[in-house]
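In: What would the 3D arrangement of this be:
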Amino acid sequence: MTSPSASASIWSRKRDLLYLIFFIIHIPTILLVDAVTFLPTFLQTNFGLQLRAHYIATYQDKFAEAPPPWFAAFVAMELFYQTPLCIWAIPALIRDKAMVPVHLLVFGVQAFVTSLTCLVQMWSWEDRTVAQKQSLTMLYGPYVALGAFMALDMVFRLRGRLVGKRKLA
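Out: So this is what the prediction gives:
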């Protein structure tokens, strides 16, 4: 485990700073937009329900309007895997914890695969215009790109650690 005094500041680790900002933004996105209607009613807020209604009205996202069963599973992954991971990752990134690459590799792959699945399905919709699909692509696309980038970044970080240790052995 890297000690806080031995690691570089989060401000000098630009990729980690990007991930930190993403996780800070991603938590309210999950709780106020993606998963708000999946939460028990006592956890749903008027603000979250209004924000989700505005999102649906603006983007006509069929996944939000009437989610297919597999999409509900993706939202469950956001609630039960991504939300706790995001909460863990914020201080872990700041402190440059040794397990960050392992957890962010899994997160990156999961975010890439689930977001890409949504994009592929969304582009098959025949009842949405190309402009509507392009707008939704601007929302889902960054998750695909960041997920792929994060996963590759973590693979190379872990590879560096593992190959470096093997050469010493």
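
In: tell me which residues in the helix or strand that G147 is a member of are buried?
Out: Element membership for G147, per DSSP states H and E: helix 130-168. Neighbour counts over helix 130-168 (16 or more other C-beta atoms under 10 Å) mark 132-133, 136-137, 139-140, 143-144, 146-148, 150-151, 153-154, 157 as buried. C-beta here means a position set from N, CA and C on the backbone, and glycine is covered the same way.

In: Spell out the residue ranges of the helices in the protein.
Out: 14-29, 46-59, 62-65, 69-77, 83-95, 100-122, 130-168 (DSSP state H).

In: For the third one, which helices and strands make contact with it?
Out: Here helix 62-65 touches helix 46-59, helix 100-122, going by 3 or more C-beta pairs under 8 Å, 6 or more residues apart in numbering; DSSP states H and E.

In: in the first one, what's buried?
Out: Residues 48, 51-52, 55, 59 are the ones in helix 46-59 that count as buried (16+ other C-beta under 10 Å).

In: Out of these, which comes closest to R95?
Out: G48 (30.6 Å; C-beta to C-beta).

In: Next up, the contacts around the closest one.
Out: Residues in contact with G48 (C-beta atoms under 8 Å, 6 or more residues apart in numbering) are 31-33, 36.

In: quick one on the thing from earlier: kindly reformat the buried residues of helix 46-59 as TSV containing distance to P101 and pLDDT.
Out: Shown next, in TSV, are those (distance: C-beta to C-beta, whole Å; pLDDT from 0 to 100):
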residue	distance to P101	pLDDT
G48	33	94
L51	33	96
R52	34	95
Y55	33	96
Y59	34	96
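
In: between these, which is closest to F80?
Out: Taking C-beta to C-beta as the measure, F80 sits nearest to G48 out of these, at 17.9 Å.

In: Name the nearest residue to the spatially most central residue of the chain, sequence neighbours excluded.
Out: Geometric centre of the chain, nearest residue: A111, 5.2 Å, by C-alpha atoms, centre = their mean. With C-beta to C-beta, 6 or more residues apart in numbering as the criterion, A111 has its nearest non-adjacent residue at 3.4 Å, and that residue is G147.
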